[in-house]
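Asker: Turn this into a model:
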Amino acid sequence: MHGFKHDNGTFYSLPKNYNELTRKQLLNIIRIRFTSYPDDWKKYLIIRQLIPIFHLYCFRWPFFKFTNVDLVDWQRFFSYPFLYEKPILTRAILDKFRIGGKTYYGPSDNCANLTFVEFIKCETFLEHYRQTSEEHWLHSIIAVLYRHKKNILIRVMEKAMVFGFEPSDDIRQKYNDALLAKRAKQFTKLAPEVKEAVLIFYESCRHNIITHPGFNLVFKKNTGGEGKSNKDYGWAHVLKSRAEKADNFERWEQLRLTTVLFDLNEDIRQQNEREAKLNNK
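Answerer: Numbering: from 1, shown residues only. Predicted coordinates:
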């Protein structure tokens, strides 16, 4: 936590970024940003979320009024960079939510347990959402990322590594495309701030993925600065080429995204080396 020290010795703690917020602060701040209030009023309301309001008052019995020192404090708060920076969220603050009497669980910090098929689906839906701004694409992204918890029997078999199950730290059920539409329809009832929080989280994690130095050959930057996949290695092509047999298709779908990207990056590197050698002959 960061902040500044008051003249009376009191230290005011302020979060440096969105990752240091609590769940309540995150949702309230997003809700405030959605309002049509003037910018200065939004900043004031956000500050109230960051610091308990009674810290911001200096009562003078019996008149209860602001002092000049308080006004200086407000100027300090209003100059805090947090109020002006683009929201970046890679910590899974919104790790779960409850709707329709059921609890849905999301990916871990930095989307570390994101699978290859989840990434393919989210990229497709995100592109459509950016192009059309139609909310049903956002609901589909959330439906990909948030699922029910695994059955306890499945978790026991994973831990014991029996019947072909492997250990997994992902408590979510395995992604099933057949259940996507049903979840997406259920998520239309989510509060706007929850939807926006999930979008901020995925886009922030996505940015870290496409700018990771270990995947520099997989993702290339165009003039707009946005990471794009190498067209010669389209995601559907990658999945199909890696799943050499039909019975391997599901296994490759469920592989961790980072595993696939590291493997793909190495393939591209080796291909570039072979082409360089041929050109030098």
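
Asker: ok, now which ones touch Asn208?
Answerer: By C-beta atoms under 8 Å, 6 or more residues apart in numbering, the contact list for Asn208 reads Thr90, Asn110. All C-beta spots, glycine's among them, are computed from the backbone N, C-alpha and C.

Asker: scratch that, Phe215
Answerer: Contacts of Phe215 by C-beta under 8 Å, 6+ apart are Ile209, Leu261, Phe262, Leu264, Asn265.

Asker: let's see it at 7 Å
Answerer: Neighbouring residues of Phe215 by C-beta atoms under 7 Å, 6 or more residues apart in numbering: Ile209, Leu261, Asn265.

Asker: Thr258 too?
Answerer: Thr258 neighbours (C-beta under 7 Å, 6+ apart): none.

Asker: Report the buried residues of the host helix or strand of it.
Answerer: Assigned by DSSP states H and E, Thr258 falls within helix 257-280. Using 16 or more other C-beta atoms under 10 Å as the test for burial, helix 257-280 gives Leu257, Thr258, Val260, Leu261, Leu264, Asn265, Asp267, Ile268.

Asker: Looking at these, spot the one nearest Asp109.
Answerer: Thr258 (13.3 Å; C-beta to C-beta).

Asker: Once you drop chain neighbours, what's closest to Ile268?
Answerer: In this structure, Ile268 finds its nearest non-sequential neighbour in Leu217, 4.1 Å apart by C-beta to C-beta, 6 or more residues apart in numbering.

Asker: That should have said Tyr129, apologies.
Answerer: In space, Tyr129 is closest to Trp137, 3.8 Å off (C-beta to C-beta, 6+ apart).

Asker: ranges for the helices of the protein?
Answerer: Remark: helices assigned in the chain by DSSP state H are 23-34, 39-50, 68-78, 116-132, 135-145, 152-160, 180-186, 192-210, 235-242, 249-253, 257-280.

Asker: ok, back up a step: can you add pLDDT and distance to Glu85 and give the contacts of Phe215 back as a markdown table?
Answerer: Output for those, formatted as a markdown table (pLDDT from 0 to 100; distance: C-beta to C-beta, whole Å):
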| residue | pLDDT | distance to Glu85 |
| --- | --- | --- |
| Ile209 | 93 | 21 |
| Leu261 | 89 | 28 |
| Asn265 | 87 | 30 |
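
Asker: Pick out whichever of those sits closest to Phe119.
Answerer: Taking C-beta to C-beta as the measure, Phe119 lies nearest Ile209 of these, at 8.0 Å.
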